[in-house]
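J.: okay, sequence plus prediction incoming.
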Amino acid sequence: MKTSTRGVIHGKTIELPQETGLPEGQEVTVTLESVVEVSEPGAGIRESAGGWAEDAEELDKYLEWNRQQRKASRRSLD
C-alpha cells in the first residue's frame, strides 16, 4: 500500500491529520519533503532574489550595467 499525506514534525514524532488505517506497530518507509507555503503573490521571486530582495533600485542598476557590458562585447553584424 502506498499513500501520501502531510504531517507535522515534533522531534522524532510525525503528527498526521487523520488515521492511516495501518495497524499499530506496522513498519513503514517515510520520505520527507518540506512543504513551503507561499503566503502572497510574488513571495517566491522575492525569496529567490537573495540580497536584492529589498533593494530593487540597486538591482535595476546592476541589470542595466550588465546589459551595457553585453552590448559592448558584441561583434558588429556589418
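T.: Looks like it came in fine. Fair warning: this is a prediction, and the values are worked out from it, not measured in the lab.

J.: quick one: low-confidence parts of this structure?
T.: Flagging of the chain using pLDDT under 70 yields the residue ranges 38, 78.

J.: again, only this time at 90
T.: The model of the chain has pLDDT under 90 over residues 1-6, 20-21, 30, 32-60, 70-78.

J.: and the longest helix along the chain, what does it pack onto?
T.: Counting by DSSP state H, the longest helix found in the chain is helix 56-73. Counting contacts by 3 or more C-beta pairs under 8 Å, 6 or more residues apart in numbering; DSSP states H and E, helix 56-73 packs against no other helix or strand. Glycine gets a C-beta too; all of them are placed from N, C-alpha and C.

J.: check what contacts stretch 23-33 and list those residues.
T.: For stretch 23-33, the external contacting residues (C-beta atoms under 8 Å, 6 or more residues apart in numbering) are 14, 22.

J.: now do that stretch: distance to the chain's middle.
T.: 26 Å (C-alpha atoms, centre = their mean, to the nearest Å).

J.: residue 68 - how many residues pack around it?
T.: 10 (other C-beta atoms under 10 Å).

J.: next, find the distance separating it from residue 55.
T.: Remark: distance between residue 68 and residue 55 (C-beta to C-beta, to the nearest Å) = 20 Å.

J.: also residue 30?
T.: 41 Å.

J.: of those two, who's got more company?
T.: Counting neighbours by other C-beta under 10 Å for residue 30 and for residue 55 shows that residue 55 has the greater number, 12 against 6.
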